[in-house]
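Asks: here are the coordinates; sequence isn't available:
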Ligand SMILES: [Zn+2]
């Protein structure tokens with residue numbers, strides 16, 4: 001017979017190791033195995049795999065496996081739902097807060113530029129009040145971000161190290 005590996009037919013060696021070949025085919029293959037070290041090696045490896053699988057006892061499934069599985073799936077869904085809602089309010093690391101602070105500054109500048117499109121644009125007293133409110137709001141936001149950053153870095157210090 002031709003070499004199963006050279007014929008791109010390794011399934012024959014797998015079937016042989018599993019004892020699924022008919023007696024005549026198995027006998028012819030064994031003749032080939034006697035003279036082909038590579039096929040002998042593959043067949044021996046495959047036999048070892050089957051023996052290991054036969055010896056392996058799959059752990060039995062606990063009676064309440066389904067119930068616990070569905071509870072964990074449910075918890076996972078609820079957690080991501082809750083996390084999605086609370087994420088914007090949770091303390092953020094400083095490296096995330098800094099770009100936010102920068103964009104807040106850019107927004108402030110954009111607001112100022114929009115209110116003063118050109119040097120000749122008249123500035124009404126009303127816009128001065130709005131601008132003061134915006135500055136105050138932005139400063140409040142920056143303060144909040146700083147507090148988030150401080151809370152975050154305090155959390156990252158291990159209690160034992162303090
Ligand atoms: Zn061979």
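Replies: Cool, the structure landed. Only a predicted model underlies this, so the values are computations on that prediction, with no experimental measurement involved.

Asks: for residue 17, what are its contacts?
Replies: 43, 46, 47, 49, 50 (CB atoms under 8 Å, 6 or more residues apart in numbering). (Glycine included, C-beta is placed from N, CA and C.)

Asks: For the second one, give me its contacts.
Replies: Under the criterion of CB under 8 Å, 6+ apart, the contact list for residue 46 reads 13, 14, 16, 17, 18.

Asks: repeat for the third one
Replies: Taking CB under 8 Å, 6+ apart as the definition of contact, the neighbours of residue 47 are residue 17.

Asks: Just give the nearest non-adjacent residue to residue 42, would you?
Replies: Spatial nearest neighbour of residue 42, chain neighbours left out: residue 13 (5.0 Å); criterion: CB to CB, 6 or more residues apart in numbering.

Asks: What is the neighbour count of the one you found?
Replies: 25 (other CB atoms under 10 Å).

Asks: Flag every buried residue along the host helix or strand of it.
Replies: Applying DSSP states H and E as the criterion places residue 13 in helix 11-17. Under the neighbour-count criterion of 16 or more other CB atoms under 10 Å, helix 11-17 has 12, 13, 14, 15, 16, 17 buried.

Asks: check whether it contacts the ion.
Replies: No: remark: helix 11-17 sits outside contact range of the ion, by CB under 5 Å from the ion, the gap being at least 8.4 Å.

Asks: Just after that helix, pick out the following helix or strand.
Replies: helix 23-35.

Asks: and after that following helix, which helix or strand comes next?
Replies: Next along the chain after helix 23-35, with elements defined by DSSP H and E, is helix 37-55.

Asks: one step back: please convert the contacts of residue 17 to JSON lines, extending it with distance to the ion.
Replies: Formatted as JSON lines, these follow (distance: CB to the ion, whole Å):
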{"residue": "43", "distance to the ion": "9"}
{"residue": "46", "distance to the ion": "13"}
{"residue": "47", "distance to the ion": "15"}
{"residue": "49", "distance to the ion": "18"}
{"residue": "50", "distance to the ion": "19"}
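
Asks: Does the residue nearest to residue 42 touch residue 4 like I think?
Replies: Yes: counting by CB atoms under 8 Å, residue 4 is a contact partner of residue 13 at 5.6 Å.

Asks: okay, and the common contacts of these two?
Replies: 29, 39.

Asks: Name the nearest residue to residue 36, ignoring sequence neighbours.
Replies: Nearest to residue 36 is residue 3, by CB to CB, 6+ apart, at 5.6 Å.
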